[in-house]
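1. How does the following fold in three dimensions:
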Amino acid sequence: MTSGRPAALHIIHDEHRALAAMLNALKLLADDVRRSGRAPDFDLIRAILFYIDEFPERLHHAKESEVLFPLLRQRAPQAIADLNRIDADHARGERSIRELEHLLLGYEQLGESRRDRFLEALDRYIAFYLEHMVLEEQHLLPLAESALTRDDWQEVDRAFAENRDPLTGHIPSEEYAALFHKILRIAPAPIGLGAAR
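-> Purely as a prediction, here's the structure:
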């Protein structure tokens, strides 16, 4: 913990902003499909879903559920109901991302007959995730900031410092550099550097 707010809170907010940007990109892509009637860039959507699965679902949520939230359960028992909901949301998010990947594959392979199922599931996922982040940011994180001790925050800061999400300004690991650059290169403006659709 540095002077002022714990470093982990900055990281969490940055990661939430990165995820919100990806959700917004998916919404713009879905809106374009509905408006134009054209098939989407399946490769781009697949890359964004993979990013969400790899970073927010596997890294970000794991640090919250395994490090931050157990400490908050100890220090602020009044938050247990919200924490139970958030942990259930994390499990639901993992299932939902798999469902979206499957529905996207169905849409890509079987065509228009699968389009609406994918778009409706995508709409639900985006709304669910945005609501999830609001609960964390408006209720749980402020409570954590006041309830956790300095030692608690040092533990949480160490855990979140390991996250290296390239969409929060970190240089991506070699393993993820290609994925990150692909998303930026092929996503149309204003999402990325590709030609606007």
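2. Would you check how far apart the nearest residue to A76 once chain neighbours are set aside and L68 are?
-> Using C-beta to C-beta, 6 or more residues apart in numbering and skipping the chain neighbours, the partner closest in space to A76 is A147 (4.2 Å). Heads up, the C-betas are built off the backbone N, CA and C, glycines and all. Distance of A147 to L68, given as C-beta to C-beta, to the nearest Å: 11 Å.
3. out of those two, which sits in the busier spot?
-> L68 (26 against 16; other C-beta atoms under 10 Å).
4. quick one: secondary structure of that one?
-> Recorded secondary structure, L68: helix (DSSP: H, G, I helix; E, B strand; the rest coil).
5. My guess is it contacts I11. True?
-> No. Applying C-beta atoms under 8 Å as the test, L68 and I11 come out as separate, 10.8 Å apart.
6. what's the burial count for A20?
-> A20: 14 neighbours (other C-beta under 10 Å).
7. what do you get for the one 4 residues further on?
-> Other residues lying near N24 total 14 when counted by other C-beta under 10 Å.
8. so how far is H13 from the closest residue to A144 other than its chain neighbours?
-> Among residues not flanking A144 along the chain, L72 sits closest, at 5.1 Å (C-beta to C-beta, 6+ apart). Distance from L72 to H13, counting by C-beta to C-beta: 16 Å.
9. same question, R46
-> For R46, the distance to H13 - C-beta to C-beta - is 27 Å.
10. same thing with R58?
-> Counting by C-beta to C-beta, the gap from R58 to H13 is 19 Å.
11. neighbour-wise, which of these two wins?
-> Using other C-beta under 10 Å as the criterion, R58 and H13 rank with H13 on top: 16 against 13.
12. contacting residues around the more buried one?
-> 137, 141 (C-beta atoms under 8 Å, 6 or more residues apart in numbering).
13. Report the mean confidence score over the one helix or strand it maps to.
-> H13 belongs to helix 7-36 when assigned by DSSP states H and E. Model confidence over helix 7-36 averages 90 on the pLDDT scale.
14. got the buried residues for it?
-> Within helix 7-36, the residues that count as buried by 16 or more other C-beta atoms under 10 Å are 7-9, 11-16, 18-19, 22-23, 25-26, 29-30, 33.
15. Can you list phi and psi of the residue nearest to A76 for me?
-> phi -90, psi -30 (degrees, to the nearest 10).
16. any idea how far V156 is from it?
-> Taking C-beta to C-beta, one finds A147 at 12 Å from V156.
17. Identify each buried residue in stretch 44-56, please.
-> 44-53, 55-56.
18. what's the average pLDDT for that stretch?
-> 88.
19. From the chain's centroid, how far away is that stretch?
-> Taking C-alpha atoms, centre = their mean, to the nearest Å, one finds stretch 44-56 lying 9 Å from the centre of the chain it belongs to.
20. for stretch 55-72, same thing?
-> 12 Å.
21. then that stretch to CSV, C-alphas only?
-> Provided in CSV are the C-alpha atoms of stretch 55-72 (Å, rounded to 0.1, in the frame of the first residue of the first chain):
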residue,chain,number,x,y,z
PHE,A,55,-7.8,-11.9,-18.0
PRO,A,56,-11.0,-10.8,-16.2
GLU,A,57,-12.4,-14.3,-15.7
ARG,A,58,-9.3,-16.2,-14.8
LEU,A,59,-6.9,-13.6,-13.2
HIS,A,60,-9.0,-10.7,-12.0
HIS,A,61,-11.8,-12.8,-10.5
ALA,A,62,-9.5,-15.3,-8.9
LYS,A,63,-7.6,-12.5,-7.1
GLU,A,64,-10.9,-11.1,-5.8
SER,A,65,-12.4,-14.4,-4.7
GLU,A,66,-9.2,-15.9,-3.3
VAL,A,67,-7.5,-12.9,-1.7
LEU,A,68,-9.6,-9.7,-1.4
PHE,A,69,-13.1,-11.1,-0.6
PRO,A,70,-12.0,-13.6,2.2
LEU,A,71,-10.4,-10.7,4.0
LEU,A,72,-13.5,-8.6,3.5
